Each structure stands twice: as structure tokens, then as C-alpha cells.
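Colleague: My questions concern the predicted model and sequence given below.
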Amino acid sequence: MSAPSSTPPAQAENAALENEALAPDSGLRPPGPTPSQSRFQVDLVAEAAGAGADDKSPSSDASTTLPSSEKATSSAATEGPDAGAATEEAKGRFRVVNFADPSAEGTGAPPEGAPAEGLQNGDTVMSETSLHSSTGGQHHYHYDTHTNTYYLRTFGHNTIDAVPNIDFYRQTAAPLGEKLIRPTLSELHDELDKEPFEDGFANGEELTPAEEAAAKEAADSKGVVKFGWIKGVLVRCMLNIWGVMLFIRMSWIVGQAGIALSCVIVLMATVVTTITGLSTSAIATNGFVRGGGAYYLISRSLGPEFGGSIGLIFAFANAVAVAMYVVGFAETVVDLLAGVNAIMTDETNDIRIIGTITVILLLGISVAGMEWEAKAQIFLLFVLVTAIINYFIGTFITVQSKAPMGFFGYDGSIMWENMGPDFREQTFFSVFSIFFPAATGILAGANISGDLADPQLAIPRGTLLAILITGIVYLGVAVSTGSCIVRDATGSINDTISSQFMANCTDAACKFGFDFSSCAGKKCPYGLQNDVQVMSLVSGFSPIITAGIFSATLSSALASLVSAPKVFQALCKDNIYPGFSMFAKGYGKNNEPLRGYILTFCIALGFILIAELNIIAPIISNFFLASYALINFSVFHASLANSPGWRPSFKYYNMWVSLAGAVLCCVVMFVINWWAALLTNVIVMGLYIYVSYKKPDVNWGSSTQALTYHQALTHTLHLSGVEDHVKNFRPQCLVMTGYPNSRPALLHLVHSFTKNVGLLICGHVRTGSRRPNFKELATDQSRYQRWLLRNETKAFYTPVFAEDMRQGTQYLLQAAGLGRLRPNTLVLGFKNDWRDGDMMNVETYIHMIHDAFDFQYGAVILRLKEGLDVSHIQGQDDLLSSQEKSSGMKDVVVSIDMSKDSDGDSSKPSSKATSLQNSPAIQKDKKSPTVPLNLSDQRLLEASQQFQKKQGKGTVDVWWLFDDGGLTLLIPYLLTNKKRWKDCKIRVFIGGKINRIDHDRRAMATLLSKFRIDFSDITVLGDINTKPKKENSSAFEEMIEPYRLKEDDMEQEVAERLKNSEPWRITDNELELYRAKTNRQIRLNELLKEHSSTANLIVMSMPLARKGTVSSALYMAWLEALSKDLPPILLVRGNHQSVLTFYS
């Protein structure tokens, strides 16, 4: 198979590779996965020594598609000059992925002797390698749904990188085709000894379980009936819009409003429905549309709150509309029976009997299946169109016997007389409100979107064409009735006029020899104003008009009977209202909502038995109008949000026109019936509030999310252009919590004074990993952010990888936040165990505080006697686990560490995040035995929850010893404004001279009153500088003894070397230099115990240590001596910029 000499070597190699890849495989292959299992698989190649020597063909080491059984023909592949280089380059890469043809359904290889074209166009190319893989050297077969030769022919070399394909963008179990998963970034990019990332979805591609089940049903079902745009949308919309109004109300409207205003009324209604039709088309063409009609369009655009509220009332409105149309049909039948004296009981009960029989027959047609229902609709449309044609033909046939009833045929004088309005007990808007329900029904096609073959094409084309055709017919009927029928007629043949009185007669009828002037004083039975059956009178054959009325009512009833269950089923599948989930089940190949049909039948039957729908009718119209308003608003909202995902293929819409349509719909609601409009709005808002409160666990990428992001971005940018002002200062805290659930007390306390006031970022530095797993970091970030949200903690979780904790903290201090939304205060837990571990950890801890000041941050340290870190306690985060389980997440978070770690060293990975499947310590069953807690852990757990409880009457003691800009005072003020702390009083302690105590107290009281901060007491401490008790000083000396350098006892060179290797050591010179400051910390601790031992919280000025002068051990000892054996204490030091002002 070597190439001719005239062929360039590279082309020869490529041609050879192609031909060999297409050769049938004579060896046996294991069966491939079924299409539903198809997954892009990668086998990592181990670079074992001598692997190339052991292989019979070098090409098996390269990234080729050749099976090892084809080695006899593979030598040609290496004849080109670049073959050796390609082989070497391919070593250590991913081995080529192999594929199975989905059409083969996992049956393995094609039959022997399959033609080359068939293989080339198919997807069945497979590779087996003899390389020893990382899994132990077995032979591996891999399948997928693209042939490698396709990539070979496209790029000239083999690659597992996939070319663009629609199947990569499908949702799981999508009904239109098989979902494929493209090679992940890690499969293409990661080193060979790394595990590929686990399968995942792109942003927001996950289906809800209900959607996935529905999609699978749709994918599995065979012989599903799907409709095109004519049968599915056009026919339904025309039948629904041409209601009974066309035959028994249109002529009356012309009599009241005249031809001109009747056309205005029709055009106004058509404008509203056309704008809504354009909006519906835009939403329907912005992605694949599933079943659910108006509910699906609104919920996927505006979110579950609006969608859920509209979906419920829209389904209910359709169910009651069935009763309206059936009663309209029954009333016509009863009128016919009364005409021949065939009433069964009385009129009301006859309506109930006929209505019940009718709705049972309609239910039978619906339950029989969509195909039967569609056939019935086609027949009804035929009857309806015949009736309309029959009427127009009748207008051209003048019959003398019809003249006394006001019909004279087309005449200019009649048209001119009927051009203007003649309102009798009506107004323009009342007539409009009677007509408008006749224009509704434009969503009849969209409501069965799940049964359409191509909803994106069918909904725009069918809906807009139906609006155009029906609008033209309504206008035609208005003009024709006004041009050939007078407003009043007696029906008496004797009301003719003689020629001598002709001069005194001014009515149009006078021209034809009739005088209907007697109707001016009394109501006549005939004419446009009086006879609602005028169209029957005019028509060529009046029984066809009666058939048309039957067709209009029954077709509208049938469309509503199908729409209501379909919309309700989609609503129930999304589990917006959990109590209705039983109605989500579908039956048969078409997934028919039989339970929904029964429910709709029961609602309709209930309203039919009332047999009086004059009150409920305007509410139904308002329900439909509310849906139209929200569809229009959805388009405006989506356009306003400017989301990249909003790109409808239907371009003939405008966001401002849609907004105008939404406003028009709301105006029409109040024009039709103001109290029904109010009731509709109350119901929609009630359902909206309910769904918002329940917070359904769905993410549909709604325009509400997009607009929220857009506004947040805009406001953040706007904030960045404004300089900070002291009046608007807020403590924005970077809290070094580690995992958020590992130091609950620290998180709860800071959240207490930042909630709804300032920013709270939970910082976490991950260290100790030689090769950091950034995938795990991203997973943790989303997992713990979810945990914070579910615990109603308004905070952000920000983890980073770093060489050590100080470096990680520096990263966070520099990079956390966005624009003006950046932290300005670092919050740490006190390092309770600083004397037990490596003193270099103390060095790091103290340097974190120095770094905060270097970055112009304030610093806050919280100390509890019991400690802060609860991550070592087994099962302490049951809350997290239970929440993760209940939401259906597969990764339950637990934090366990059997060796108790530093409380203060929040960046240290003391709490290990493990997943449920490999966690030895998680208690999966709450009944299973747990390790009993020791006393100290019990106290620790109790202390960790103390800031979650209401604090009761107590005090927050503020020891404002040094002016740091006011942060020490602002934090307790914000704290006592919260509900849990509002019963606590602020007591202020300040330093002062013993002979100026009253003066200092008054000065501080004046300052606090100017700051408008309430306080219960001010204490001036005149004895701060008194020497501490001897035993306390001795205890301090004993505490620092192990950390002293004692340079006087060794040579200078040795001392310097020791200080360099252990920089935290305390020199004798340093200890002597800061003796007074040391004594002050010991003395302050004594005063704190004396004055504040019963306080709920102590907030105290943090002592400062000059960087590079005071060693870490000495500074840590000061903090220890100051804060030991006290209630919860918060050591605070602002950045010495004012955060309080008394100017307005």
C-alpha cells in the first residue's frame, strides 16, 4: 500500500492512514456501549520503559486509529519520513479514543466485507493497544460517536479534540437526539497521572428530575403524534378566536358602535393580540420549547415565581372556559328546542343536562388521543368556514321577504347611516369589553407546544397568520353587516310608506319603501340593535349558521379542554406546587395527562351545573389577559437584561413595543371589569409570594437572573466611580474561617454586625498540597457557598491555594472583593493552642496581623475560652449533610479531623473536606451509634452556638482605650442594633488620670452623644498604670520562659544564628524595653476580670506591636495575657482612619 513516488510523503502517509483506518477489522470485538451509555473515554498511556521495543508496530504507540489486528497493513503508515517523529511525539499523550456507531446499538463490528464508503460515512472505527496502561496493561476498547478518521481527514493528524457538533449542546436525554459529552478540558490538558475530572454539565444545563424523566419518555416513545404548523397551531387558533361572538354579537356591536368604531374596536383588540403574538414568537424561538404553552414560555423567561402563578390561573381559566363555551352551545340548543316546544324540564335544567352530555362527549374525544382531537378540530373548522362563506354569499342575495326585518342588501345610504355610533345603554368601552374575549385564544397552539413537530417554526407562523385571517374576517363582517342591514326594523310587512310621505322620511329604509320610525319610541324585534340572530337571517341557508355556532362553541371548548391539562401537567412536572405532583403523570405514547383531563372535566362540570356564567366570564378574560401581559413583559425584561442567551431567531419584535403591549393588556383588564382585574392581580401576587417563599429548587436561566446580574454589575461600576465617605463607612470583613462550618462562633458573630450592612467574605487558605487540585477547590467553593445560602448567612466563601498561610492571606487581602465591594477589616480567631505547636505557626499568625495593617486594613481577633474550631468533632455538621442530601446533591460535605488543631490558625487545613463515599466518620444513619463527646468538646459545641441565641438583658463592654478611628465603637453599636443583641446595653470604659475622672467622663459622654450612640454607663479607669499583681507577673514570666533567646548566656554569633533560624524568640533587650507595655497588658486583664466578668461580650482596643521590633512570641504573649479567662472578647484595631463622624 505504499504511495507512488510522485505523491508527496505527507500526503502518502495521510492517505495510507485513512485507507487503513477504513479497512474492516477481521478480529472479534467486544460489544460497545449502547448510545445512551456513550461517553468520550480516554485511556492514559503510561510511558513504561521499553514499551516501544515490546510493541510489534511503532504505530500502536502513536495516536492512531489502527487496531492491533491490522498490524499487517499498518507498516505503510510509518513509511513517511515524519512517522518516527510522530511516534515519539505521541508518547505520553492520551491514546486515541475509539467509537461505536449509535445505529449499531452496541452490537459491535459491522459485518465482514462492508464497503469502504459505508465505514467512512459511519462511526465505527476502533482501536486496541498493546501498551501497558495505567490500569495494569489490559487491552482496552473505547467507543464513541465520531470516527477518528473524520478528525484525521479534517486536521491531517489524529486528535481526540472534538469538532463542533449539535449533540454536545443537548440536554441529558433530550428528545431530539442523543446527548454526547465532548472531551473535558482535563482529558485534553491534565498530566498523565491525574484523574480526569468527573463528568459535569455546563452552566445551568442540568435538567430537573421531572424534565429528565419527561425527556426520556419523549426519547423512548415510538409513533408519537406530532403536528405541523397548520393542524397544530393555525387551525386551533382560528377556531378559538372565531368564537360564538362572530355569529351572535358582531352585528349587535356594529349597531351600537357603528361601522367606523366597530372597526376601531376590532383593530384595538387585534393590536393587543398581534403584539402578544410577536412576543410569543420571540420567546418560542429562543431555544427548544417543551410542553406547557404559556406556562413554559413565562416560567423559562421570567422564572418560576411568575411562571408558577400564571400557570395555575391559566390552566384554571382554560378549565372554566370549557364550561363557558359548553353553556353557550347548550343555550343555543335550548333556544332551538323552545322554538319547537321541545323543552324537557325548564330552560336552566335543560342547559345543565345538555351541557353535561356535551362535556362528557368532548372528554371522550380528548382522552381518545390528540390525533382524534385534531381530526375533530379539522371537521369543526370546515363547518365554521362554510358558515362564514354562507353568510357572505347571503349578503349579496336580496330576498323581498327579508326586507321588513331590515335586510335590503348592500347600499351606500345604509352604510352611511350605520357609519357613526348609536349607543343605547352602552359606552364605547363597555362594547369593547364585550367584544375583546372574542379576540383571545391566540395561545391555543402554543398551549400544546409539546405536541408540535417544530414549535419554533409552528408557533410564530401559525399564531400570527391566525390573528391576520381572523382579524380580516371580523372587519369584513363588521363592514358587511353595517352596509346591508338597518339598525331597527319592525318585521311587519305593513310598515311600508306611500310616495306622498316619502319626502318626510329621512331613514335609509325609506328609500326601499319602509317606514320604521315607530321603533323610535319602542324596542323593535329586528335590526342590528335588536336581533342577535341577524347573521342567520342574512345567510343563504340559515341552518348552516346554527351549525357554525355549534362548531365555534364546541371547537373552543375542545381546545380549552386539551390546553388546561397540558399546561397543568407541565406545571406539576416542575414541582412548583408539591401538592399537585400526582397530576404530572402521563399515559400512553403521547404522554397524555389523563388525570389532568379528569380534573378539568370536574371543574368544567361544576361551572356548567351553575349555568350562570355572567360573573365568572370577565374573570376568565382577565386571567387570559394577565398571561398576555406577562408574555409581553417577558420579552421586554429579557431584552432589558441584555443576556447573551437571549437571541430569538424571530427578529420582528421590539422590547418597547412589547412593554406597550403589556401596559395595554393591563389597561384592557381594567376596562373590561375593574373588580375582576383587581381580583386577578391579587391572585397572581398571592401565588407569586407563595412560590417565592417556597423557593423551588430550579434554575432555568431566567431573565430575572440576567437582569439581577446586569444591575449588580452596573451598580458596582457606578460605586467604583464615587469616592468613599466617612458617613457611608461599613465594616467589610475578610473572616479567616477556613471551611465556613468549622468555626461557627466566629462566623455568627461577624455575620451579626455585617448582615444587611457590609460585606462578609469567608477566607480559606489551603496549604500543604504539593500539587494542588484546583478542580476540588472549585467544587468546594460552590458547595460551601450553597451551604452559606441555606444557612441564611449573607457571605461569600473564597478559598485559595498557597505555599503557606501568610502567602494565602496576602492573596486574599489583595484580591478579595470587587471595586468598592472590598474587605477593609481582617477578622481572625485567637490562636488558643499557640504554645502547643510549632512556633513558626505563631510567626505566621502574627505576620498575618502585620500584613493587614500594611494593607491599611483594620484587624479584629475573637477569643472564646472554649476555643472556636469544631471541625474535629464528628457529626457536628449534620445540618450541612442533611441539607445537601435533601437537595439531591451527590456530594455531602463533612468536616472531620481527629487531631484538634489551632483555633486561630484559620487558614490551616484543619478541617478536611471529604465526600460522602470516602468519609469514614460521617454517620449516614442518624440512628447509628456515635462516639460520645468528652466534656471539653461538649462545652466547645455549646460555645460555638452562643451567638445564634438571643442574648437577653446583659452588657456589651467597650474598652475604648486607644482611638483607632472609631471601629472599636462602631462594631458594638451595629451589634446592639440587631434583634438578638437589642436588649444588651453598651458600657464604655476609657483610660484617664485619677484627678480628672469627672472631666474625662463628661468629655466622652459629649463625644458619644455627638456620635448619636446610646450608652448606659461610662467608666474612667484611673489605675491602669498601677503595677499588676506579683503572681500574675510571675505567671507571665513563666509563660514566656521557653521562648526567650537568653542571648546574654551565649556567644553573640551563636545567638544571632539562633535568632535567624527562630525569629520568634524574645531577646532580653526587647523584654526590658517593653516591660511597661507588658505590665499594662497584665494589669488590663486584672481590670477586665474585675469590671467585665459578667459581660455578654467585651470589645477592646487591640495592643499594637511595632513590626520588626517586637518578636512574635512576645506579641502573642501580650494577647494571651490580656484576654485569658474572660467572657467572649473581641480585640479590635481600626486602620486609624475615621469611621464615625458627627457632621451631617
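Modeller: Done, it's in.
Colleague: which phi and psi does the nearest residue to C665 once chain neighbours are set aside have?
Modeller: Nearest residue to C665, sequence neighbours excluded (C-beta to C-beta, 6 or more residues apart in numbering): A629, at 3.7 Å. For every residue, glycine as well, the C-beta is placed using N, CA and C. Per-residue torsions, A629: phi -60, psi -40 (degrees, to the nearest 10).
Colleague: What is the burial count for A629?
Modeller: Look at A629: counted by other C-beta atoms under 10 Å, it has 25 neighbours.
Colleague: Contact partners for it?
Modeller: Counting by C-beta atoms under 8 Å, 6 or more residues apart in numbering, A629 makes contact with 661-662, 665-666, 669.
Colleague: got a pLDDT number for it?
Modeller: Confidence at A629, expressed as pLDDT, is 90.
Colleague: Kindly report the same for P1128.
Modeller: 91.
Colleague: quick one: it and L864 touch, right?
Modeller: Yes: contact status for P1128 versus L864: in contact at 5.3 Å, counting by C-beta atoms under 8 Å.
Colleague: Within the helices and strands, which one has A444?
Modeller: Here A444 is covered by no helix or strand, with elements defined by DSSP states H and E.
Colleague: one step back: pull up the overlap in contacts between P1128 and L864.
Modeller: When contacts are counted by C-beta under 8 Å, 6+ apart, P1128 and L864 are jointly contacted by A745.
Colleague: Between these two, which has more neighbouring residues?
Modeller: The residue with the greater number of neighbours, taking P1128 and L864 and applying other C-beta under 10 Å, is L864; the counts read 25 against 20.
Colleague: separation between Y973 and S480?
Modeller: If you measure Y973 against S480 using C-beta to C-beta, to the nearest Å, the figure is 79 Å.
Colleague: I meant M245, not that one.
Modeller: M245 is 16 Å from S480, where distance means C-beta to C-beta.
Colleague: Those two: who's more crowded?
Modeller: For M245 versus S480, the count of surrounding residues by other C-beta under 10 Å is larger for S480: 23 against 20.
Colleague: Ignoring the adjacent residues along the chain, who's closest to that one?
Modeller: Residue nearest to S480 in three dimensions, not counting chain neighbours: T395, with 5.1 Å by C-beta to C-beta, 6+ apart.
Colleague: pretty sure the one you found is in contact with I414, am I right?
Modeller: No: judged on C-beta under 8 Å, T395 makes no contact with I414 at a distance of 11.6 Å.
Colleague: Mind checking which of the two has more residues around it?
Modeller: Shown here are T395 and I414; by other C-beta under 10 Å, I414 has more neighbours (24 against 21).
Colleague: in a helix, that's where that one is, yeah?
Modeller: Yes: according to DSSP: H, G, I helix; E, B strand; the rest coil, I414 belongs to a helix.
Colleague: could we number from 195 for the rest of this?
Modeller: In the new numbering, first residue 195, that becomes I608.
Colleague: Quick check: it vs I679, distance?
Modeller: Counting by C-beta to C-beta - I608 and I679 are separated by 7 Å.
Colleague: Any chance you could list what contacts whichever strand or helix holds L943?
Modeller: Here L943 sits within helix 938-948, counting by DSSP H and E. Applying C-beta under 8 Å, 6+ apart, the external contacts of helix 938-948 come out as 924-927, 929, 931, 934, 954, 956, 987-989, 1021, 1023, 1054, 1056, 1058, 1062, 1064, 1100, 1137-1142, 1165, 1168-1169, 1172, 1174-1175, 1291, 1322, 1324.
Colleague: L651: which of the contacts of A823 is nearest?
Modeller: Within the contacts of A823, proximity to L651 (C-beta to C-beta) peaks at G855, which comes in at 22.6 Å.
Colleague: what's near enough to touch that closest one?
Modeller: Going by C-beta under 8 Å, 6+ apart, G855 touches 466, 469-470, 473, 822-823, 826.
Colleague: Could you find the closest non-adjacent residue to F795?
Modeller: If the residues on either side of it in the chain are set aside, F795 comes closest to L557, at 4.9 Å by C-beta to C-beta, 6+ apart.
Colleague: quick one, phi/psi of the one you found?
Modeller: Comment: the main-chain dihedrals of L557 come out as phi -60, psi -40, following degrees, to the nearest 10.
Colleague: gap between it and I1184?
Modeller: Separation of L557 from I1184 (C-beta to C-beta) stands at 83 Å.
Colleague: now swap in A741 and tell me
Modeller: Distance of A741 to I1184, given as C-beta to C-beta: 97 Å.
Colleague: Same question for I883.
Modeller: For I883, the distance to I1184 (C-beta to C-beta) stands at 50 Å.
Colleague: neighbour count winner among those two?
Modeller: With neighbours defined as other C-beta under 10 Å, I883 and I1184 compare such that I1184 has more, 21 against 12.
Colleague: G558 - how many residues pack around it?
Modeller: G558: 10 surrounding residues under other C-beta under 10 Å.
Colleague: Name the secondary structure element that contains it.
Modeller: Taking DSSP H and E as the criterion, G558 maps to helix 541-561.
Colleague: Kindly provide the whole-number mean pLDDT of the next helix or strand after that helix.
Modeller: Read in the C-terminal direction, the helix or strand following helix 541-561 is helix 564-589, with elements assigned using DSSP H and E. Helix 564-589 shows a mean pLDDT of 86 in the predicted model.
Colleague: just checking, what packs against helix 564-589?
Modeller: helix 429-435, helix 541-561, helix 649-678, helix 728-732, helix 736-767 (3 or more C-beta pairs under 8 Å, 6 or more residues apart in numbering; DSSP states H and E).
Colleague: Check which helices and strands the next helix-or-strand element following the first one sits against.
Modeller: Looking back up the chat, that one is helix 429-435. On the C-terminal side of helix 429-435, the nearest following helix or strand under DSSP H and E is helix 439-442. For helix 439-442, the elements it packs on are helix 649-678, helix 728-732, helix 736-767, judged by 3+ C-beta pairs under 8 Å, 6+ apart.
Colleague: Relative to I548, which of the ones you listed is closest?
Modeller: Among the helices and strands packed on helix 439-442, helix 736-767 sits nearest to I548 (C-beta to C-beta), with 11.5 Å.
Colleague: Which element is encountered next along the chain beyond that closest one?
Modeller: Counting by DSSP H and E, the next helix or strand C-terminal to helix 736-767 is helix 788-804.
Colleague: List of residues touching that following helix?
Modeller: Surrounding helix 788-804, the residues in contact under the criterion C-beta under 8 Å, 6+ apart are 510, 512-514, 516-518, 520-521, 524, 545-546, 549-550, 553-554, 557, 560-561, 755, 758-760, 762-763, 766, 776-777, 779-781, 807, 810.
Colleague: just the buried members of the residues you listed?
Modeller: Taking 16 or more other C-beta atoms under 10 Å as the criterion, what is buried in those is 510, 512-514, 516-518, 520-521, 524, 545-546, 549-550, 553, 557, 560-561, 755, 758-760, 762-763, 766, 777, 779-780, 807, 810.
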